[in-house]
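**Q** Kindly return the folded structure for what I paste below:
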Amino acid sequence: CAQLRRELLKQKNLNWCLSLKVRSIHMKLNSLYAKKDQLERSVQNRMKEIELQMLAGGSNPGASADQAPAEKEGPRGDPTNEDALNEEKKKVEELKRMLVKHERSIQISEVEKVKSELELKSCKDKLNEEIEKNENLYKKVKTYEANLERVKKEGEKYLDELDEVRVELQKYRCANSQVEERNKLLQEEKVKLAQANNELKIRLQRVQTCLTDSRHRERAFISCSRKIMSVVAFLRESGKGGGFALGGKYGGAMRDTLGDKVDELLGDRMGDTLGYTLGVTVDDAQGAPLDNALTPPLRGDTTFAQTELQLDAIWVSIRALVGVKREFEGQKDELERVRAEAHAAKRELERKQRSYEEVKQQIGQLQTKQQRNEEEITTVKEKDERIIMQLRQTIQEEEKLTNEYKHRNEYNLMRIRRLKRRESKMVHEINQLRRYVQENKSNLERVNDMSNNKIKHIKERNKELITNLDDVHIELQRCVGQVNTVSKNMKVVEREKQKLTQEKHVLKSQNGELAKELQIYRKKNQVMKMKVYTLNSRIGKMKEKIKSTNMRLSKIVKHHTKCNGNYKEELCRKNEHLEELQRKQKELQEELKEKEKTILRNDECLHKLKEEIKIYEHEKDILSEEIKKKNLLITSKEEKIDMLSNIESDLLKEGKVNQLKLIERNKEIKNNLVQMKKIKVENVKLNCLIDKIKKDLISSELRCKMAYRDLEKFRKEKKKIISNLQNDLEEKEKCLQITDQRVELLRRERDDGQSSIQHELKLLHNQVVELTTEKERYRGKVQQLNDELQQSQQKLKEEIGSNKESKKKRKSF
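**A** Below you'll find the predicted structure:
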């Protein structure tokens, strides 16, 4: 690897040196081409000037008009001028031919220049590609070394893991033996517990039967005691209210009757308790203690029914007696009230007769006054109506005038807006016309100035052409001198060519050195091949080791298969247990579904109750609003009654009330009193309804609360049962998953170990093959680059020689 790095560094340095030399050659070529371009430009500029002067001399009309007679007389008098002109024409033609040849040579050189640039670009690209390939080779060598180290480390890891697996297998065997012993002990304990549970179930059944009998007796006793307590309480209330007073005789009789009945019905066990309770209740009601003890024995369950029937009969008879007494007392009170009301009614009738006679006298006086007032009011009304009609007519006329003025104003505003728009348009058009006139003026002035300038320029040009004809001969002589200088410059180019040949020899010597370095590189490649062969031998040894490890792994796999069989048997047992649990879970889920259905029904009932409660509340609000309205009506009518009563008293004092008004007001008062009574009756009914609704609401709310409590308890119990079942299932599933994961991990580790080793061996073999192929390619490419460099150097020398020859020719010209 170190040798490869050194060789790569050497190759990089050589490539860098070659790139520098190529750049220097390229700079020299660019300088030569620049000089050549300058010469070509100077020659072309000079030729263009000569052609322009000749054309200007031929196209001058003034000179042709002045020289027309001279041209007619020319062949007669001046033959020397014609000879000179012919010689100059020949020289010009020769110069043109030389220029054509020179242009062709320039085109050829440009084509060659383009070719050389393309070749240089291709060489640079190839060099860059080779550098990238060398870097890739360097990276691959690093990866190869890293892979070897990784393979070694992984082999050591696999051996350590195998030892750990063996230790774990021994631990699992010990654990399995312990688990089997524990399972045996647990099964024995299960059998014992099942026997004990059966015995306990039998005992529980016996206890439950005893409890049910005792509960039935307690319920019957409680019902009897409640009825007796209700009778005693009723008698106490009736005694307080003025009804039956439990005196000495009556109290003793009650005790004797109750004691005899209870002695006949109750037995030994219940006699003491019931006697105590009856004694306490009667002592509380009367104040004297009970002397008779209730000790006879019970005769059976039928006695409770008989006692209940007899107690009901006693209760009904007592209530009937008390009711009769209360009715007699109520009738007496009503008779006294009726007598008092009759005396009061007589007194009120006498007072009203007196007041009625006084009112008749006052009504006669008021009728006369009322007639006078009505006549005055009619006259005043007629006058006011006439004035109102006149005012209405004047208002209508004024409204018509205002509408006409409004229409006129709107029409005038429309006309003003139209005129403003027309004015704005006219102003805009005037501005456009002004701009157009100004632009035309400026354009005319510009045209005039341009025409004057052109005339002046033409006159000056004619003058210059006349002067240039004299200068043409002088410039031709100068051109001949410049051609001589060009020939001298070509000699200088030949000298530079000799220098370039010397540089060429130097480059050849450098190429020889590069060939020697290539031979050294080939030797190093042979050394690398030997190293690769040694690596292949090491790889063969590693394969043998891997085979031995595979044998060990196969033995381990067999052992794992046995363990897996044992695990599968245990899994089958656990699966059966899980199936039983799942069945129980399904049964519980069905029960839960049924209970959820009942819950939904209860929810629907609750929703219905809530809706009814809302309806009752709404009705309650409506009734309360109606009550408020009727109370307001009552208050308003009471106020009216007070006002009317005050007015009546005032009128009676002043004597200004009409008999008709009094009759109407009396009728209104009577009607109001009747309505007042009706409203009061309705208010009483509404209050009763409100009380009933309140009681219903309270009872419904209590039912809802109780239902919600039962639902919450049931939901909590359901959640607890489900959570317990889920936890059991999750624990068992986790145990199964852990066992499955361990088995799969062992299999995967075995398969992954074999596949990774084989894959890495294949990769190493492929990398060796790729390295050999890339080395061979690299050798061929190096040879191609050397050949291309030689060809490019030859082309450069040829171009330099051609450039020197062209320079010499130019100098000779």
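**Q** what pLDDT does Asn30 get?
**A** pLDDT, Asn30: 70.
**Q** just to confirm, which helix or strand has it in it?
**A** Following DSSP states H and E, the helix or strand that holds Asn30 is helix 2-58.
**Q** for Glu188, same thing?
**A** helix 79-240.
**Q** Show me what the mean pLDDT comes to for that helix.
**A** 70.
**Q** Same question for stretch 334-351.
**A** 68.
**Q** Tell me the spacing between Lys562 and Arg173.
**A** 11 Å (Cβ to Cβ, to the nearest Å). Backbone N, C-alpha and C define where each C-beta goes, glycine included.
**Q** And these two? Which one has more around it.
**A** More neighbours surround Arg173 than the other of Lys562 and Arg173, with 12 against 9 (other Cβ atoms under 10 Å).
**Q** ok, now which ones touch that one?
**A** By Cβ atoms under 8 Å, 6 or more residues apart in numbering, the contact list for Arg173 is empty.
**Q** okay, Glu382: pLDDT?
**A** The model's pLDDT for Glu382 equals 76.
**Q** right, I mislabeled it, should have said Asn511
**A** Per the predicted model, pLDDT is 64 at Asn511.
**Q** again, but for Glu805
**A** 77.
**Q** Over to it. Which of the three states is it?
**A** Using DSSP: H, G, I helix; E, B strand; the rest coil, the structure places Glu805 in helix.
**Q** Tell me the spacing between it and Arg418.
**A** Taken as Cβ to Cβ, the span from Glu805 to Arg418 is 93 Å.
**Q** who has more neighbours, those two?
**A** Glu805 (15 against 10).
**Q** Please report how far that one lies from Asp37.
**A** Counting by Cβ to Cβ, the gap from Glu805 to Asp37 is 17 Å.
**Q** ok, now Met389?
**A** 118 Å.
**Q** Of those two, which one has the most company?
**A** Neighbour comparison, Met389 and Asp37: the larger count goes to Asp37, with 12 against 9 (by other Cβ under 10 Å).
**Q** and the more buried one, how far is that from Asn803?
**A** Taking Cβ to Cβ, one finds Asp37 at 12 Å from Asn803.
**Q** Over to Glu382?
**A** Distance from Glu382 to Asn803, by Cβ to Cβ: 139 Å.
**Q** between those two, who's got more neighbours?
**A** Just comparing Glu382 and Asn803: by other Cβ under 10 Å the higher neighbour count belongs to Asn803, 22 against 8.
**Q** Can you check the pLDDT for Leu18?
**A** So Leu18 comes in at 62 (pLDDT).
**Q** Begin at 294 from now on, thanks
**A** Sounds good: first residue 294 from here, last item Leu311.
**Q** tell me the mean pLDDT over stretch 691-710?
**A** Average pLDDT, stretch 691-710: 74.
**Q** quick one: contacts of it?
**A** Outside stretch 691-710, no residue touches it (Cβ under 8 Å, 6+ apart).
**Q** Could you export it as PDB, CA atoms only?
**A** Output of stretch 691-710 as PDB, limited to C-alpha atoms (Å, rounded to 0.1, in the frame of the first residue of the first chain):
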ATOM      1  CA  GLU A 691     -95.900  74.400  -2.400                       C
ATOM      2  CA  GLU A 692     -94.900  70.800  -2.900                       C
ATOM      3  CA  LYS A 693     -95.700  71.000  -6.600                       C
ATOM      4  CA  LEU A 694     -93.500  74.100  -7.000                       C
ATOM      5  CA  THR A 695     -90.600  72.400  -5.200                       C
ATOM      6  CA  ASN A 696     -90.800  69.300  -7.400                       C
ATOM      7  CA  GLU A 697     -90.700  71.500 -10.600                       C
ATOM      8  CA  TYR A 698     -87.700  73.400  -9.300                       C
ATOM      9  CA  LYS A 699     -85.900  70.100  -8.500                       C
ATOM     10  CA  HIS A 700     -86.500  68.800 -12.000                       C
ATOM     11  CA  ARG A 701     -85.100  72.100 -13.500                       C
ATOM     12  CA  ASN A 702     -82.000  72.000 -11.200                       C
ATOM     13  CA  GLU A 703     -81.300  68.400 -12.200                       C
ATOM     14  CA  TYR A 704     -81.600  69.200 -16.000                       C
ATOM     15  CA  ASN A 705     -79.300  72.200 -15.600                       C
ATOM     16  CA  LEU A 706     -76.700  70.200 -13.700                       C
ATOM     17  CA  MET A 707     -76.700  67.600 -16.500                       C
ATOM     18  CA  ARG A 708     -76.100  70.300 -19.100                       C
ATOM     19  CA  ILE A 709     -73.300  71.800 -17.000                       C
ATOM     20  CA  ARG A 710     -71.600  68.400 -16.800                       C
END
